[in-house]
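1. When you get a sec, could you give me coordinates for this:
(chains A and B)
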Amino acid sequence: MIGIRSYGAYIPYYRLSRSEIAKTWGGPALPGEKAVANQDEDSITMAVEAAFDCTRGIDGANIDGLFFASTTSPYKEKQCSTIIATVLDMGKEIRTADFADCLRAGTTALRAALDAVKAGSARNILVTAADCRLAYPYSMLEQSLGDAAACFLIGDSDVAVEIEDCLSLSYEITDVWRTDEDDFVREWEERWVTMYGYSQNVEEAASAIMKRNGLTARDFAKAVIYGPDPRSHAALVRRLGFEENQVQDTLFATVGNTGTPSALLMLVAALEEAKAGDSILFASYGDGADAFILKVTEQIERIKERRGVKRHLASKALLSSYGKYLSFRNLVQLPPQASLRGTGSATIMWRTKNWVLSCHASKCRKCGLITYPIQRVCYGCQAKDDYDEISLSREKGTLFTFSLDNLASAGINPPIIQSVVRFQGATQFYCMMTDCEPNEVRVDMPVEMTLRRLHEGANFHNYFWKCRPPREGG
Amino acid sequence: MESIRDKVAIIGMGCTKFGELWEKGADDLIIEAAYEAYEDAGIDPNDIQAAWVGTVASGMMGECLSTPLKLRNIPVTHVENACATGHEALRNACFAVASGMYDIVLALGFEKLKDTGLGGLGIGRGLHPTLEMRRTAPGTFAFIATRYFHTYGLTPEQGKQTIAKIAVKNHHNGSLHPKAHFRREVTLEQVINAPIIAWPLGLFDCCPTTDGAAAAIVVPAAMAKKFREDPIYIKGIGLSSAQLLPHFRPNFGWTSFTVNKEASRQAYEQAGIKDPRKEISVACVHDCFTITELVIYEDLGFSPVGRAKEDVDAGTFTLEGELPIQSDGGLKSFGHPIGASGLRMTYETYKQLQGKCDVRQIKNARLGLSHTLGGPPQVSCVTIVGNSLG
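-> Numbers count the residues shown, from 1 in each chain, chains lettered A, B, ... in the order given. Predicted coordinates for the structure are as follows:
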């Protein structure tokens, strides 16, 4: 049996109320809020989060490949899946690929993983999808788009969701796009986009796969169908014959349209509620459509301890203003000190990637002391080159001491939360704290590590670890 | 291992006015400190046989000293050891004289910080692109305050009140020194209610960013009285360097610094000091932040561990107290031109031991201690001087 072994999701901690956007620009507000990546997050860091969630209890070294799907890849030239795989400690002998440029890239990557496992060239492959798309400020799309990531482990054992059939349509249409020079998503007239792009294609793919398998809407416990907005989504699922209680919510009111991960995120939400035996119709859209027929197995109970959608939704803070959102997305220029540019060096980052990206500490084979970053001569007993590397990326720590540093934040609120994290009572890790309100910081509070984008020194993205209070769900 | 005790003497010192010296460049500071020292020692510039210059970021090579002073092709060495740099210049000069290689040498430390456009020392980037990104001096020393208060059961309010008293004391002393950057008293309320720089440290818990220079002329102890009646003898110099940034050091407790304990242990041993609190007449220690001074009381053996607050409350370290600390106002009043500070402190102990400190004069001062703590922090230097041999 081939299918989904595990799922994971990531929704950023911060949300922006749509009424806050409307308050700035005037005009109507769509209901609800959208998820907003923090200023130190991008599609890579969000994909890492979803992948960690998905691989809880699974050793990265046992996974044969990693795919990354996004229309907002932080690099135009350079692979991102290698970065994510390095963070996950997956080793070198794996296959990696980036799927880009299309909102359907997430399910395209899913099918590619499925085909690889089916062909026997891999036992399992991690599929990550993340997006952080920019809409023109003042546009209605600005209220719609949200940021998130999703992840699935496709494999041939311990399958929690069997993939029974899949079908793809390719359809040329310039409905939603960005050229290589655009920062913001463009859209043709909405009624045409919905009618001839989204609705027609998804309906065609969904109907065809149901017909091919001799199934009708009544045969499914759930329809997980991408929707760019609640209205066109509701109309489509109605035409496909689904009742309201069969339809998975688009998460539009709580997260927004998250682009590439959107359908996958909805599938995670559906699987959180699914039980063995459930059939699911799953479809995504983007320059065509992908449709899948899924069957939930008893293994689903094994993977319910994920943070997934539900727990990430429950752990959040509202952004205090639209201005904060603009600064998070670099849409306004802050004083030079605030966007401090670090020094960058490709060679240093390459030499030190084991502790920079994989978060490895050295554990002395003689005295057992664990030190970050890796020390060739042991701090405790001076043993030379006699250590094992262990990763702290998933370790829980406590905040040993902290400072709310206004100088480091160049006087811009909130202050930088300077942190010293302790692991296993001894190992110390100095970093900044993120996704936390300064007045919530306490000595000895529990924290976990999260990879973030620190600066653009040497004109590439420099990633490093920060700590944060654990997101709900452990 | 021999001791440096009574082997060398300081026969002249100079110190510029410290402050935001917009109209003066590094060369002006160097010239003023050096020529005051020459005059104090009664020597000619061409008597200098070798020199050590300390600066962290205001100059390179020995040339940064020999060019403004036009030193005639003598050996000049640039030393750098973070905030201990000024002490390091003096230390190397002393050891060179003790070796018998030179008879008259110059040690000079300086820093010109006010040409950067920044209000503080700026935001750190570290040597690695991401490891110490945005580390700041107040942010790091605030780690000590947070953990010290937590470890010894002080509420943030009690903790802030305790370190505020140190700021009040040092500002009072600084108000009495004509060369201090700040010559203004502050009240406890002003210190406690000042804007936060890096919680829990407020504006008055931090020393200012300052320009300045200080210099010393060092000769063999046996020659000292040829130059003046009241030379000041080196009794001990201890230096200790730590092995890893404290931020990443396993089990580092953030309430005390081994380098402080070790540097003072070395210096006390060389000087033959058993009970520093009783034997030392005056101390100038590294109060880059008020919390630093609090833990130094404990690290240098002036106060029992975890109980420095009791001494602060009792006024032990005021000008009139049992052991006056920062009789010149400390870094709090003088600021911290990094390369200059160790020598500026020595300038104060030197003048105190010569009885030349006017209203700040400590009665019967015999032994003076100066102490610098550098890096984030990783290096400590303790220098003890006395006004008599033996």
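2. Which stretches in the stretch 101-250 of chain A count as helices?
-> With helices called from DSSP state H, counting those that start in this stretch, the stretch 101-250 of chain A shows them at A:105-119, A:140-144, A:190-192, A:200-212, A:230-239.
3. Point out the residues in the stretch 101-250 of chain B that sit beside chain A.
-> B:120, B:123, B:125, B:128-136, B:138-140, B:142-147, B:150, B:195-201, B:243-245, B:247-250 (C-beta under 8 Å from any C-beta of the partner chain). For every residue, glycine as well, the C-beta is placed using N, CA and C.
4. List buried residues within those residues.
-> B:123, B:125, B:128-136, B:138-140, B:142-147, B:150, B:196-201, B:245, B:247-250 (16 or more other C-beta atoms under 10 Å in any protein chain shown).
5. May I have the phi/psi pair for the residue nearest to B:Lys112 when sequence neighbours are not counted?
-> Counting by C-beta to C-beta, 6 or more residues apart in numbering or on different chains, B:Ala26 is the residue found nearest to B:Lys112 once chain neighbours are left out, at 4.1 Å. Backbone torsions for B:Ala26, taken as degrees, to the nearest 10, come to phi -60, psi -40.
6. Around B:Ala26, how many other residues sit close by?
-> By other C-beta atoms under 10 Å in any protein chain shown, the residues close to B:Ala26 number 22.
7. what's the answer for A:Phe252, then?
-> Per other C-beta under 10 Å, the neighbour tally for A:Phe252 reads 22.
8. which SS class is it?
-> Here A:Phe252 is recorded as coil under DSSP: H, G, I helix; E, B strand; the rest coil.
9. That one: what's it in contact with?
-> Applying C-beta atoms under 8 Å, 6 or more residues apart in numbering or on different chains to A:Phe252 gives the contacts A:Gly32, A:Ser144, A:Gly227, A:Asp229, A:Pro230, A:His233.
10. Now rank the residues you listed by neighbours and give me the top one.
-> A:Gly227 leads the contacts of A:Phe252 on contacts (other C-beta under 10 Å) with 26 neighbours.
11. what's near enough to touch that residue?
-> Taking C-beta under 8 Å, 6+ apart, we find A:Gly227 in contact with A:His233, A:Ala234, A:Leu236, A:Thr250, A:Phe252, A:Asn257.
12. Please apply the same query to A:Met349.
-> The neighbours of A:Met349, taking C-beta under 8 Å, 6+ apart as the test, are A:Val356, A:Asn462, B:Pro129, B:Thr130.
13. Which of those residues fall within helices?
-> Judged by DSSP state H, the subset of those located in helices is A:Val356.
14. quick one: A:Glu301 is in a helix?
-> Yes: with three-state DSSP as the criterion, A:Glu301 is located in a helix.
15. In chain B, which residue is most central in space?
-> B:Gly342 (3.6 Å; C-alpha atoms, centre = their mean).
16. Quick check: nearest residue in space to whichever residue of the stretch 201-350 of chain B sits closest to chain A, chain neighbours excluded?
-> Chain A sits closest to B:His247 of the stretch 201-350 of chain B, with a gap of 3.3 Å, by C-beta to the nearest C-beta. Closest residue in space to B:His247, ignoring its immediate chain neighbours: A:Tyr430 at 3.3 Å, by C-beta to C-beta, 6+ apart.
17. just checking, that neighbour is part of a helix?
-> No: secondary structure of A:Tyr430 (three-state DSSP): strand, not part of a helix.
18. Who are the packing partners of the helix or strand that contains A:Gly8?
-> Here A:Gly8, judged by DSSP states H and E, is contained in strand A:3-10. On a contact count with 3 or more C-beta pairs under 8 Å, 6 or more residues apart in numbering or on different chains; DSSP states H and E, strand A:3-10 meets helix A:43-54, strand A:148-155, strand A:161-170, helix A:262-273, strand A:288-296.
19. CSV please, covering those and showing mean pLDDT.
-> Below are these laid out as CSV (pLDDT from 0 to 100):
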stretch, mean pLDDT
helix A:43-54, 98
strand A:148-155, 98
strand A:161-170, 98
helix A:262-273, 98
strand A:288-296, 98
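20. Quick check: neighbours of the strand holding A:Gly8 in the sheet, parallel or antiparallel?
-> strand A:148-155 (antiparallel), strand A:161-170 (antiparallel) (DSSP bridges).
21. gap between the lengthiest helix in chain B and the chain center?
-> In chain B, with assignment by DSSP H, the single longest helix is helix B:156-174. Its chain's average C-alpha position is 19 Å from that of helix B:156-174, according to C-alpha atoms, centre = their mean, to the nearest Å.
22. what does stretch A:174-194 give?
-> Using C-alpha atoms, centre = their mean, the offset of stretch A:174-194 from its chain centre is 23 Å.
23. got it, and stretch A:148-167?
-> The mean C-alpha position of stretch A:148-167 is separated from the chain mean by 17 Å, C-alpha atoms, centre = their mean.
24. Do a quick rundown of the strands in the stretch 151-300 of chain B.
-> Assigned by DSSP state E, counting those that start in this stretch, the strands in the stretch 151-300 of chain B fall at B:196-199, B:201-202, B:212-220, B:232-241, B:282-284.
25. Could you tell me which strands sit next to the first one in the sheet, and their orientation?
-> Each strand paired with strand B:196-199, and its direction, by DSSP bridges: strand A:396-405 (antiparallel), strand B:201-202 (antiparallel).
26. Now render the helices and strands packed on strand A:3-10 as CSV, adding mean neighbour count.
-> Below are these laid out as CSV (neighbours: other C-beta atoms under 10 Å in any protein chain shown):
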stretch, mean neighbour count
helix A:43-54, 29
strand A:148-155, 32
strand A:161-170, 18
helix A:262-273, 27
strand A:288-296, 24
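27. between those, which gets nearest to A:Leu313?
-> Closest to A:Leu313 of the helices and strands packed on strand A:3-10 is helix A:262-273 (C-beta to C-beta; 8.8 Å).
28. Relative to the whole chain's centre, how far out is that closest one?
-> Offset of helix A:262-273 from its chain centre (C-alpha atoms, centre = their mean): 13 Å.
29. Check which helices and strands it is in contact with.
-> When contacts are defined as 3+ C-beta pairs under 8 Å, 6+ apart, helix A:262-273 sits against strand A:3-10, helix A:105-119, strand A:148-155, strand A:222-225, strand A:279-285.
30. how big is the angle separating it from helix A:230-239?
-> 60 degrees (axes from the mean of the first three to the mean of the last three C-alpha atoms, to 10 degrees).
31. A:Arg306 should be in a helix, yeah?
-> No: when classified by three-state DSSP, A:Arg306 is found to be coil rather than part of a helix.
32. pLDDT averaged over the strand or helix carrying A:Gln418, what's the number?
-> If you go by DSSP H and E, A:Gln418 is part of strand A:416-423. Mean pLDDT, strand A:416-423: 97.
33. can you check stretch A:434-448 too?
-> Stretch A:434-448 carries an average pLDDT of 96.
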